[in-house]
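Peer 1: Give me coordinates for this.
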Amino acid sequence: VGALTSNDFRFQMRVWFMKEVNTIDVNCATGSNITVYQREGQIYRITPRQNNDVNSDWMPDSHRLNFHWINGEDRLTDPMVKEGNNHRVATWQEALATTADKLTGIQGSEIAVIASARMTNEELLMVNRLVRHLDIGHIDTVPRNGENDNYLVAADRNPNTNGVKLVLGLDNPGSQLDAIKKGIKEGRIKALLSFQENLVDDAGFDGETLDKLDFFLTAYPLANPTADFADVVLPGGCWAEKSGTMINVAGRLQRLNKVVDGPGQTLEPWEIVRDIIQTTGGGNGIYSALDIFKQLTEEISEFSGLTWGRIGDLGLPLIETGITIPLLDREKERIAQGLIVG
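Peer 2: Alright, predicted model coming up:
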């Protein structure tokens, strides 16, 4: 009857004018199922979507409104390269050529990659391809931990840590960050490629450390302090601007679906990694995230036989993690007691 409405959305847009996209929440490892409402490239609201194996009919309030930054003024919209102490806008071709030129002569053992547990499995597979292509000696991701609210908010604030473990083979994500920092300070690591992470604010890197690098590339959706120290800055699409899959805290494989296009010259992160591989002499014939998923099914046994169609809107169990979602446990108890019918 409209008795309960959202102050944030009220009077913003008629519901029937908007396009609805079913996807998943990426603010923690639960991966609550959601519907995102957009019109003409602007997101107006997010609502929970029923999935009795993940979030029932609910989603965390703190996650419901965490989207306004997507249309904000801080978005990176164009590639940039550093000249002297300043950055200037560049074409993708120039930024990639600069990257290839700077990496020439640097051994793989002298390169580090920091990827993100906010990336999809498909993007992580492309990072794995890049690591193998350049024989890169150091790779890690940035952990994010907080309090478990004992309902839906997981202690792991990254949505795809299980994907990092499975696709990149990192048993303890975040454990190599200190070694990477030390390697940079001691001159053993000369180049750093960072994808979808703000290393200064979120990973404890500082300007003194980053300035020691011969080459530093960062790809990220927002302008941030890390970009100040980068030789090449690339605009990487955020969660709403890409498609792929993620594995939640309970080991469930779910689909992330593209809602809107990124601003300006933004590319999806898998496209950025693919183009770096191609510019540095590799080839892969990848034209979509679905192409990469098909390779996941061929290379990683847990994905064998799967298709995006089989995953569907509700996902499916992929791996055992031994972790359950407290809200669902509570609902099962109440159903057993006859307090909930359904």
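Peer 1: all helices for the stretch 151-300 of the chain, in order.
Peer 2: 161-163, 177-185, 199-202, 207-210, 269-279, 289-299 (DSSP state H, counting those that start in this stretch).
Peer 1: I'd like to know which of the ones you listed is closest to residue 222.
Peer 2: helix 199-202 (10.2 Å; CB to CB). C-beta coordinates here come from the backbone N, C-alpha and C atoms, glycine included.
Peer 1: okay, the helices of the stretch 151-300 of the chain, which one's buried deepest?
Peer 2: Across the helices of the stretch 151-300 of the chain, averaging neighbours per residue (mean count of other CB atoms under 10 Å) puts helix 161-163 on top, at a mean of 27.
Peer 1: re the thing from before, could you export the helices of the stretch 151-300 of the chain to JSON lines, including columns for mean pLDDT?
Peer 2: Formatted as JSON lines, these follow (pLDDT from 0 to 100):
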{"stretch": "helix 161-163", "mean pLDDT": "99"}
{"stretch": "helix 177-185", "mean pLDDT": "98"}
{"stretch": "helix 199-202", "mean pLDDT": "98"}
{"stretch": "helix 207-210", "mean pLDDT": "97"}
{"stretch": "helix 269-279", "mean pLDDT": "97"}
{"stretch": "helix 289-299", "mean pLDDT": "97"}
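Peer 1: ok, which stretches of the stretch 1-150 of the chain are strands?
Peer 2: 19-24, 33-39, 42-48, 80-83, 86-89, 111-115, 138-141 (DSSP state E, counting those that start in this stretch).
Peer 1: Tell me which of those strands lies nearest to residue 288.
Peer 2: Ranking these by proximity to residue 288 (CB to CB) places strand 19-24 first, at 17.1 Å.
Peer 1: From the contact counts, what lies against the closest one?
Peer 2: In terms of contacts (3 or more CB pairs under 8 Å, 6 or more residues apart in numbering; DSSP states H and E), strand 19-24 is packed against strand 33-39, strand 252-256.
Peer 1: Just the CA atoms of that strand, as CSV, please.
Peer 2: What follows is strand 19-24 as a C-alpha-only set of coordinates in CSV (Å, rounded to 0.1, in the frame of the first residue of the first chain):
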residue,chain,number,x,y,z
LYS,A,19,14.9,-1.1,-16.3
GLU,A,20,15.3,-3.8,-13.7
VAL,A,21,18.5,-6.0,-13.6
ASN,A,22,18.9,-9.0,-11.4
THR,A,23,22.4,-9.2,-9.9
ILE,A,24,24.2,-9.6,-6.6
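Peer 1: Next, the angle strand 42-48 makes with it.
Peer 2: 50 degrees (axes from the mean of the first three to the mean of the last three CA atoms, to 10 degrees).
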